[in-house]
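A.B. asks: any chance you can model this:
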Amino acid sequence: MSIFEYNGSALIAMVGKNCFAIASDRRLGVQLQTVATDFQRIHQIHDRLFLGLSGLGTDAQTLHQRLVFRHKLYQLREERDMKPETFASLVSSILYEKRFGPYFCQPVIAGLSDEDRPFICTMDSIGAKELAKDFVVAGTASESLYGACEAMFKPDMEPEELFEAVSQALLSSVDRDCLSGWGGHVFVVTPTEIKERLLKGRMD
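C.D. replies: Prediction:
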């Protein structure tokens, strides 16, 4: 068993028309034993930037704390929020610093740039970035997530349609992965608002 699969996880970020959605499952497990059913995998860095962390739960929490600390320092020094592209480079460099004893995490970064253009990216545990124009996935359910997202994705979706696509892709994928599931947590972010919704899935 890979250490990345120890707690189980499923994460998606998908772009729409001047908006993006980021979604995760809510299960925290120790292999096949469920420990918690309300685990927070998605973190809001600021109003236009979100971070999802799949992989080992303890490393995800440690990495999140370090990134919040570094972002607050940036805000104090620069007197502005970090752009998504800059934040992705920060995450990448923090992961690469620890490449000989890495954080067992696969981050997903989603944000809106200054021109309200959505930006999404994921990376491996040592910070090698993978940029995408449509969607990115991470976690133990990523194989089935790729298939579901390929089927659901359309360019320039409006926020409600985007929410529907991401939710259907997440719920159908976690049913095919016994290490993730127990509902979902979805954020849909537009230039003017953030909508947060919880999904009910199979509770087994």
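
A.B. asks: which residues of this protein fall in helices?
C.D. replies: 57-78, 84-97, 142-152, 159-174 (DSSP state H).

A.B. asks: most tightly packed of those helices?
C.D. replies: Across the helices of the chain, averaging neighbours per residue (mean count of other Cβ atoms under 10 Å) puts helix 159-174 on top, at a mean of 22. In short, each C-beta sits where N, CA and C put it, glycine included.

A.B. asks: got the angle for that helix vs helix 142-152?
C.D. replies: Relative orientation of helix 159-174 versus helix 142-152 (axes from the mean of the first three to the mean of the last three Cα atoms, to 10 degrees): 140 degrees.

A.B. asks: and helix 159-174, what does it pack against?
C.D. replies: Where contact means 3 or more Cβ pairs under 8 Å, 6 or more residues apart in numbering; DSSP states H and E, helix 159-174 is packed against strand 10-15, strand 20-25, helix 142-152, strand 184-189, strand 194-199.

A.B. asks: switch those over to JSON lines; also include mean pLDDT and distance to Arg77.
C.D. replies: JSON lines is the format used below for the helices and strands packed on helix 159-174 (pLDDT from 0 to 100; distance: least, Cβ to Cβ, whole Å):
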{"stretch": "strand 10-15", "mean pLDDT": "95", "distance to Arg77": "28"}
{"stretch": "strand 20-25", "mean pLDDT": "95", "distance to Arg77": "27"}
{"stretch": "helix 142-152", "mean pLDDT": "92", "distance to Arg77": "36"}
{"stretch": "strand 184-189", "mean pLDDT": "95", "distance to Arg77": "25"}
{"stretch": "strand 194-199", "mean pLDDT": "94", "distance to Arg77": "26"}
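
A.B. asks: which of these sits closest to Lys133?
C.D. replies: Minimum separation from Lys133 across the helices and strands packed on helix 159-174 (Cβ to Cβ) falls at strand 10-15, 7.0 Å.

A.B. asks: tell me the strands beside the closest one, with direction?
C.D. replies: Strand 10-15 has these partner strands in its sheet, going by DSSP bridges: strand 20-25 (antiparallel), strand 135-139 (antiparallel).

A.B. asks: so which of those is nearest Asp204?
C.D. replies: Set against Asp204 and scored by Cβ to Cβ, the strands paired with strand 10-15 come closest in strand 20-25, at 13.2 Å.

A.B. asks: could you report the pLDDT at the residue nearest to the spatial centre of the chain?
C.D. replies: Centroid-nearest residue in the chain: Gly52, 2.9 Å away (criterion: Cα atoms, centre = their mean). For Gly52, the model assigns a pLDDT of 96.
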